[in-house]
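Student: based on what follows, work out the 3D shape:
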Amino acid sequence: MTRPIATALALLAFAAAPASADSLREALVSTYNANPTITAQRASLRATDANVAIARAAGRPSVVGTASLGRDLTQVGTLQRVSKGPFLNSGVNLSVPLYSGGSVRNSVKAAKTRVDAGRATLRAVEGDVFVDAVTAYMDVIRDRAIVELNQNNVRVLSTNFEATGNRFKIGDLTRTDVAQSEARLSLVRSSLATAQGRLTVSEENYRRVIGKAPGALQPPPPLPPLPVSADQAVQIALLGNPDLISVLRQAEAAGIDVRTARAGRLPTLSGVAAASYVRDFSGVAGFNPNTGQSSALFGSSTSIGVQGRVPFYQGGLPAARIRQAQAIEGQLLEQTVGTERAVVATTRSAFATYQSALGAITANQTAVSANTLALEGARAERTVGTRTVLDVLNAEQELLNSQVQLVTARRDAYVAGFQLLNAMGQAQADTLGLDGGPLYDPLGNYRHVAHNANDWANDRNPTAVATRTVVPAEMPTPATPVNPVGMTGPNQ
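Tutor: As a prediction, the model looks like this:
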């Protein structure tokens, strides 16, 4: 890199925090365990896992039982039976797929490939949410620092305004000097109100992403080592970006779907076995004209064989399905190129932003030091009459602006560095080494469902894993009016 990582990261310590303050690592653990976007994507992956079992089921034996109970209402003709029932007809049919043109094999392969794509998507979502969490964390630190800077400036300018007023009373200053001090104090109070509003927005965004209101926050830990050039960062991203991996797997699965669709034009072969049982509950024996004997009151039969199906013409359905699958494959191939472009652009942008923020940190540190010295000089020179009140006020404003820019640059550098990690596929829980209990294992659910052949197996009814952020004071009560006083609807 153009400058040591450790030096840049040392500049990110905004202010000393108490030992009991929340850390960024704790915030990420909370996000990982209970953010609804991540937990919802885990549920989506579990649904994708089930597609493997669904595809396998088409190649497994099936057993179907049938039963019916009925009565004849009319009997016409010379071969009529004496009894009108009731009759019980029951049977069991077994079908074992022997050959399906490769559709089952390809369907299972496509389902497994989509599971790989789903796991990559989960990693992508996890990284994106972590970027949101880091951004929210750093925004709160930045905005709290800006509020504190503005509060300090309000106190300084309030003291200046009082001193200016006292000196005006003894004739040392003019009314213009008092007006300038008052105007500058009002502007800083306005900036403080704006900063406080921005801080409230940042704190609420922190609560939305991380799942709880921010307490005292520690400075962030050092980032992992980053690439020394944009080209190196892009090389890593093209190999490890989970969004790109996901769309590549989806395109691969779509190609397998084309082979599955082509199987619709091929013959199929199944082994079949059947058993049936018929019983007449009327108690009246019938006469069988073919044998000349009385018919039995019950009977059964069994059969076994092989059944083939050869499609000759299906109205163009196989061709339409093949074209549809090919079009979807083409769409995903185009999306692969688009995703690759986005990965390259995002990686280079994050790298450039990170480098520029590091440069801004150095420049703003110099500006803060220079403006601090300039303010001290302006105040000293004001006492001997070589500087005006306006000169001192301008020096104070310049110092405040450089301090705010320094705080902002520190925040921008850390967020851009983390965005670069995410673009390279290195911003997930396993790569960050979070210490918050066992990580979510997508293989566990896959092993649980992918080979399941039990029709009666099921999981417990799902419940929300993500934590709610509504506090007791925000909970509505039965007495809460739907349209409180002071709120007007569109027709009022």
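Student: can you give me the strands in the protein?
Tutor: Using DSSP state E, the strands of the chain run over 62-70, 87-99, 268-280, 287-288, 293-294, 298-309.
Student: looking at those strands, which is closest to Tyr440?
Tutor: Relative to Tyr440, the nearest member of the strands of the chain by CB to CB is strand 62-70, separated by 34.7 Å. The way it works is simple: take the backbone N, C-alpha and C, and place the C-beta from them, glycine included.
Student: now the phi/psi pair for Asn458, please.
Tutor: Main-chain dihedrals, Asn458, degrees, to the nearest 10: phi -160, psi 160.
Student: next, count neighbours for it.
Tutor: Using other CB atoms under 10 Å, the number of residues around Asn458 comes to 8.
Student: got it, and Gly211?
Tutor: Gly211: 19 neighbours (other CB under 10 Å).
Student: burial of Gly359, as a residue count?
Tutor: 15.
Student: I should have written Pro214 there, sorry.
Tutor: Count around Pro214 with other CB under 10 Å applied: 21.
Student: quick check: beta-bridge partners of Gly91?
Tutor: Thr66, Ser276 (DSSP bridges).
Student: wait, it sits on Ser300?
Tutor: No: between Gly91 and Ser300 there is no contact under CB atoms under 8 Å: 9.4 Å.
Student: count the neighbours of the closest residue to Ala55 other than its chain neighbours for me.
Tutor: Using CB to CB, 6 or more residues apart in numbering and skipping the chain neighbours, the partner closest in space to Ala55 is Ser107 (4.0 Å). Using other CB under 10 Å as the criterion, Ser107 is surrounded by 24 other residues.
Student: what sits against Ser107?
Tutor: Ala55, Ala58, Thr260 (CB atoms under 8 Å, 6 or more residues apart in numbering).
Student: and the buried ones among the residues you listed, selectable in ChimeraX?
Tutor: Applied in ChimeraX, the following selects the buried portion of these according to 16 or more other CB atoms under 10 Å:
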select :55,260
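Student: residues near Ala233, how many?
Tutor: 22.
Student: spit out the contact partners of it.
Tutor: Leu226, Pro227, Thr347, Arg348, Ala350, Phe351, Leu420, Ala423, Met424.
Student: now Ala275
Tutor: Ala275 neighbours (CB under 8 Å, 6+ apart): Gly91, Val92, Ser300, Ser301, Thr302, Ser303.
Student: which residue is the nearest non-sequential neighbour of the residue most central in space within the chain?
Tutor: When CA atoms, centre = their mean is applied to the chain, the residue found nearest the centroid is Val125 (3.6 Å). Counting by CB to CB, 6+ apart, Gln41 is the residue found nearest to Val125 once chain neighbours are left out, at 4.4 Å.
Student: want to throw the strands of the chain into a markdown table with distance to Gln331 and mean pLDDT?
Tutor: Below are those laid out as a markdown table (distance: least, CB to CB, whole Å; pLDDT from 0 to 100):
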| stretch | distance to Gln331 | mean pLDDT |
| --- | --- | --- |
| strand 62-70 | 34 | 90 |
| strand 87-99 | 31 | 91 |
| strand 268-280 | 29 | 89 |
| strand 287-288 | 64 | 47 |
| strand 293-294 | 69 | 46 |
| strand 298-309 | 32 | 88 |
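Student: how about the ones you listed, which one is nearest Val156?
Tutor: Using CB to CB, those put strand 62-70 closest to Val156, at 82.8 Å.
Student: and the direction of that closest one versus that of strand 268-280, what angle?
Tutor: 30 degrees (axes from the mean of the first three to the mean of the last three CA atoms, to 10 degrees).
Student: these two touch, right, Ser301 and Val92?
Tutor: No: taking contacts as CB under 8 Å, Ser301 lies outside contact range of Val92: 11.5 Å.
Student: quick one: Asn394 from Leu187, how far?
Tutor: As judged by CB to CB, to the nearest Å, Asn394 and Leu187 stand 12 Å apart.
Student: about what we covered before: any chance of the strands of the chain in TSV, plus distance to Thr113?
Tutor: Below are the strands of the chain laid out as TSV (distance: least, CB to CB, whole Å):
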stretch	distance to Thr113
strand 62-70	26
strand 87-99	22
strand 268-280	24
strand 287-288	59
strand 293-294	63
strand 298-309	28
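Student: tell me the spacing between Gln180 and Gln151.
Tutor: 21 Å.
Student: swap in Pro442?
Tutor: For Pro442, the distance to Gln151 equals 48 Å [CB to CB].
Student: between these two, which is the more surrounded one?
Tutor: Shown here are Pro442 and Gln151; by other CB under 10 Å, Pro442 has more neighbours (18 against 14).
Student: the residue lying closest to the more buried one once chain neighbours are set aside: neighbouring residues, count only.
Tutor: Setting aside the residues directly before and after it, Pro442 is nearest to Arg119 in space (CB to CB, 6+ apart), at 5.3 Å. Neighbour count for Arg119, taken as other CB under 10 Å: 20.
Student: cool, Gln326 as well?
Tutor: The number of residues near Gln326, taken as other CB under 10 Å, comes to 15.
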